[in-house]
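Participant: Sequence first, predicted model second:
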Amino acid sequence: MEPGAGPAQSDPMILARPSGVLSLIPGLLACVAVAVAAVAVQALELRLLGRGWVDAVVLAILIGAVVRSLWTPPAALRPGIEFSARTLLEVAVVLLGASVSAATVIAIGPGLLLGTAVVVTLAIGVSYGIGRLLRLPRRMAVLIACGNAICGNSAIAAVAPVIDADAEDVSAAIAFTAVLGIVVVLTLPLLGDALAMSEVQYGTLAGLTVYAVPQVLAATVPVGAVANQAGTLIKLVRVLMLGPVCLALAVIVALRGRSQAGASAGAPPRRLPLGHLLPWFIVGFLLMMGARSLGLIPADVLPVLRWITTALTVLAMAALGLSTDARAVVRSGPRIAAVVTLSLLALIGLALGLIGLLAVA
């Protein structure tokens, strides 16, 4: 998605007229078909293997990319695919806020709470530095840094529209991060055993390093209930960082664009509208998080919102896959794999340092 050229500008106009809405249907149906295939493959995994090793979000991108490599969608499908890749993704980010409650992190204590925020911030900076050192494009480096430090696929999906990331960047970042996320779930218990960690220590390590909340459960439940509770709480604090990080990135991107525009024109930079500094979906995310924290969202509604969020995210990832040139992803593969791996190792190092500094028992 090129900056300023994607559906962010055209979607409101499309939705304002019936003919525009109808033009979205073919592309939406194509995305639905890919998403259904992804969910079906995940269900097959559960039936044959007993667990979903590859999430439907990742499968949607992979299946979409395979389809795109074998068949170029006609022009009639593009409006719906672009709408799904941008607008539906932004709506999913808004609904994601309902899964985060500030009240649930109080039990962690101020030390771990602040320490987790510091680890996330340092991990983003270190990962971004590694990416730029290995000559990754700026946007790709940001996507990997946020995915590694916060919550994997969800963070990459949330950050992508903030920084106007291309479909190829998003797909590659999610694909490589997802693969490594599975490796972490399988190998982290071995590290915990090797270091003779207590359940609280191991749960803290898992919460600080594992990418997705379900993966935290998979990594901690076999160790014990205490490890599971500690890991889940720490993980929620990391997820809680998604809003502030997206907001900070939005401000940085807007100010950077403002500075470049002023320099190129040779005139004082113009004042940017609030929408450029604070995207609507970030406001929505923060409002949903506040509503959840204040108890304004009924408990029986939360599972429905989670289901809708997941469905919209899978649809958006299917659209990204259908927009992705797999050859471009393959060409950048080794460097991305190296950056993701080194970033994860740095995150584990920071997590172990925090555990030792706070003398977590």
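Facilitator: Received it, and whenever you're ready, just let me know what you need. Computed from a predicted structure; not experimentally measured. Numbering: from 1, shown residues only.
Participant: separation between Gln229 and Val304?
Facilitator: Relative to Val304, Gln229 is positioned 25 Å away (CB to CB, to the nearest Å). C-beta coordinates here come from the backbone N, C-alpha and C atoms, glycine included.
Participant: What segments of the stretch 101-250 of the chain are helices?
Facilitator: For the stretch 101-250 of the chain, helices defined by DSSP state H, counting those that start in this stretch occupy the ranges 110-133, 138-146, 153-163, 167-194, 199-209, 213-220, 225-240, 242-265.
Participant: for the ones you listed, which one sits closest to Ala318?
Facilitator: Proximity to Ala318 (CB to CB) singles out helix 167-194 among the helices of the stretch 101-250 of the chain, at 10.8 Å.
Participant: residues of that closest one that come out buried?
Facilitator: Using 16 or more other CB atoms under 10 Å as the test for burial, helix 167-194 gives 167-178, 180-182, 184-185, 188-189, 191-192.
Participant: and that helix, how far out from the chain's middle?
Facilitator: Chain-centre distance of helix 167-194: 13 Å, with CA atoms, centre = their mean, to the nearest Å.
Participant: same for it, what does it pack against?
Facilitator: In terms of contacts (3 or more CB pairs under 8 Å, 6 or more residues apart in numbering; DSSP states H and E), helix 167-194 is packed against helix 56-70, helix 138-146, helix 153-163, helix 199-209, helix 213-220, helix 302-322, helix 326-331, helix 333-357.
Participant: ranking these by mean pLDDT, which is last?
Facilitator: Mean pLDDT per stretch puts helix 326-331 lowest among the helices and strands packed on helix 167-194, at a mean of 63.
Participant: so what's the residue lying closest to Gly321 once chain neighbours are set aside up against?
Facilitator: Counting by CB to CB, 6 or more residues apart in numbering, Gly321 lies nearest to Gly64, which is 2.0 Å off, once chain neighbours are set aside. Residues near Gly64 by CB atoms under 8 Å, 6 or more residues apart in numbering: Cys31, Val34, Met317, Ala318, Ala319, Leu320, Gly321, Leu322, Ser323, Thr324.
Participant: Throw those residues into JSON lines and include distance to Gly356 and neighbour count, thanks.
Facilitator: Listed next are the contacts of Gly64 as JSON lines, based on distance: CB to CB, whole Å; neighbours: other CB atoms under 10 Å:
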{"residue": "Cys31", "distance to Gly356": "46", "neighbour count": "28"}
{"residue": "Val34", "distance to Gly356": "45", "neighbour count": "28"}
{"residue": "Met317", "distance to Gly356": "38", "neighbour count": "35"}
{"residue": "Ala318", "distance to Gly356": "43", "neighbour count": "32"}
{"residue": "Ala319", "distance to Gly356": "44", "neighbour count": "32"}
{"residue": "Leu320", "distance to Gly356": "39", "neighbour count": "31"}
{"residue": "Gly321", "distance to Gly356": "41", "neighbour count": "32"}
{"residue": "Leu322", "distance to Gly356": "46", "neighbour count": "30"}
{"residue": "Ser323", "distance to Gly356": "44", "neighbour count": "23"}
{"residue": "Thr324", "distance to Gly356": "41", "neighbour count": "27"}
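Participant: Nice, that's everything, thank you.
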